[in-house]
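Asks: Show me how the following folds:
(one chain, ligands or ions: 1)
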Amino acid sequence: MRKKPNLIPRMEQCAAVLESAPEERRGRWLSDFPAFSQLHLELGCGKGRFTAEMAAQHPDILFAAVEKVPDAMVVAMERVCARELGNVRFLDRDAANLLEMFAPGEVSRIYINFPDPWPKKKQFKRRLTAPSFQKLYAEVLVPGGEIWFKTDNLPLFEWSVEELRAGGWELREVTNDLHGQGISGVMTDYEAKFHAQGVKINRLVAVKREGTLCG
Ligand SMILES: C[S@@+](CC[C@H](N)C(=O)[O-])C[C@H]1O[C@@H](n2cnc3c(N)ncnc32)[C@H](O)[C@@H]1O
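Replies: From the prediction side, this is the model:
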């Protein structure tokens, strides 16, 4: 991604929504923010179209948006600030470090939208639906907690279905054409672009149950 001019001053302008030391909130997210009933995570929020719209539609939920590229995240932060949404915190971190930021059973739902596909076999372990990541999610989610996953990439989706089943998740709402009957749910930036090009969107919900493999 192209370097954004004035990244630092732009981040500082939105400092109110940036969580500079998320590790210190571990185990305390909902007690630190008692106005909210649940904590939802978004991994790789990018420029934040989904983040901002979900937060606006669900003011009772606290959204923690994790993004490892600040040049994308600053756009998401500006969107949230412009709409004066008080229920989003941005975490300038890698999803691989989730356990440093969230305690077991602290999270109700995780959104993974259009993650990098990592198409080569030797890169599969980097996919956000890879077994090592699944174990982190199972650790931080409540029993019955959910992963909401969307992608345009069919090979990644089919691989993820297999890997999630192997990890003991219950799969629901599995579809290869989410918007086949008209727009369904809140779109992300990538999703809006792909949908406009006529690309079909794959989606599933993975539910944590007793047999789900934890870290
Ligand atoms: C293809 S973009 C999709 C962005 C957004 N979810 C959307 O649908 O418009 C993937 C995003 O995930 C971020 N990302 C990839 N791996 C990540 C990781 N391990 N931790 C945090 N962010 C990650 C990338 O920096 C990028 O912004």
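Asks: Show the contacting residues for the residue positioned nearest the centre of the chain.
Replies: What sits nearest the mean C-alpha location of the chain, by Cα atoms, centre = their mean, is residue 42, with 2.2 Å. Contacts for residue 42 (Cβ atoms under 8 Å, 6 or more residues apart in numbering) come out as 50, 51, 54, 63, 64, 65, 66, 110, 111, 113. Placement of C-beta: from N, CA and C, glycine included.
Asks: Send over stretch 178-185 as PDB, restricted to the C-alpha atoms.
Replies: These are the backbone C-alpha positions of stretch 178-185, laid out as PDB (Å, rounded to 0.1, in the frame of the first residue of the first chain):
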ATOM      1  CA  LEU A 178     -23.800 -14.200  -0.300                       C
ATOM      2  CA  HIS A 179     -25.400 -11.500  -2.400                       C
ATOM      3  CA  GLY A 180     -27.200 -13.800  -4.900                       C
ATOM      4  CA  GLN A 181     -30.600 -12.800  -3.700                       C
ATOM      5  CA  GLY A 182     -29.700  -9.100  -3.100                       C
ATOM      6  CA  ILE A 183     -27.200  -7.400  -0.700                       C
ATOM      7  CA  SER A 184     -26.900  -9.200   2.600                       C
ATOM      8  CA  GLY A 185     -25.200  -7.600   5.600                       C
END
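Asks: Next, the buried residues of it.
Replies: Judged by neighbour count using 16 or more other Cβ atoms under 10 Å, the buried positions of stretch 178-185 are 178, 179.
Asks: Lowest-scoring secondary structure element of the chain by mean pLDDT?
Replies: Confidence across the helices and strands of the chain bottoms out at helix 7-13, with a mean of 94, counting by mean pLDDT, DSSP states H and E.
Asks: Now do that helix: which elements does it pack against?
Replies: Using 3 or more Cβ pairs under 8 Å, 6 or more residues apart in numbering; DSSP states H and E, the elements in contact with helix 7-13 are helix 70-82.
Asks: Considering only the contacts of residue 42, which also neighbour the ligand?
Replies: When contact is defined as Cβ under 6 Å from any ligand atom, the contacts of residue 42 meet the ligand at 66, 113.
Asks: any idea how far residue 16 is from residue 94?
Replies: Between residue 94 and residue 16 the computed distance is 23 Å (Cβ to Cβ, to the nearest Å).
Asks: Please name the nearest non-neighbouring residue to residue 170.
Replies: With Cβ to Cβ, 6 or more residues apart in numbering as the criterion, residue 170 has its nearest non-adjacent residue at 4.3 Å, and that residue is residue 207.
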